[in-house]
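> Sequence and predicted model, in that order:
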Amino acid sequence: MKVDKKLVEYLANLSRLEFDDTKLDEITDQLKGIIKYVEKLDTLDTKDVEPTAHILPLKNVFREDKITPSIDRDKIFKSSPDSDDGYFIVPKVIEE
C-alpha cells in the first residue's frame, strides 16, 4: 500500500482532524512504518494456523437457572425512609 501525504490528508479529513505540514509529514512517516511492519507479517507461513478471535480458549460458564424466592416487598418498604404505592420516594435531584 502506498502511503503519501495526500492519503494522510484524506484520512485526516475523514477523521475531522487538522494538522500543520510538519505534523502531517511526521504522521505520514509513522503510517509508512506501520504499514511496512504489517507487510512483514504477510511473509509468515500461516497455512496451518487456525483462525482465532482470541489467543486463549474461551467458553461461557452457564449456571443452571433456579427459581428462588424474592425479598418480601413489605419488608423492603419498611426499611425505606419514605414510600408510596409500591415506589420509593426520594429527594428531587434535577433542578428546573
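The structure has been received and is ready for your questions. The shown structure was predicted, so the numbers you read here are calculated from the model rather than taken from an experiment.
> any idea how far residue 25 is from residue 32?
11 Å (C-beta to C-beta, to the nearest Å). Every C-beta, even on glycine, is put in place using the N, C-alpha and C of the backbone.
> With residue 65 instead?
60 Å.
> Buried residues in the longest helix seen in the chain, which are they?
Counting by DSSP state H, the longest helix found in the chain is helix 21-41. If you call a residue buried by 16 or more other C-beta atoms under 10 Å, then helix 21-41 has these buried ones: 27-28, 31.
> Please, where are all the helices along the chain?
Under DSSP H, the chain gives helices at 5-14, 21-41, 73-79.
> Could you list the residues in contact with the longest one?
This means helix 21-41. Residues from elsewhere that reach helix 21-41 (C-beta atoms under 8 Å, 6 or more residues apart in numbering): 1, 3-5, 7-9, 12, 19.
> again, but for the first one
When contacts are taken as C-beta under 8 Å, 6+ apart, the neighbours of helix 5-14 outside the stretch itself are 18-19, 24-25, 27-28, 31.
> again with the last one
Contacts made with helix 73-79 from outside it, assessed by C-beta under 8 Å, 6+ apart, are listed as 83, 86, 88.
> Report the contact partners of residue 88.
Contacts of residue 88 by C-beta under 8 Å, 6+ apart are 77, 80, 82.
> among these, who's most crowded?
Neighbour tally across these (other C-beta atoms under 10 Å): the maximum, 14 neighbours, falls on residue 77.
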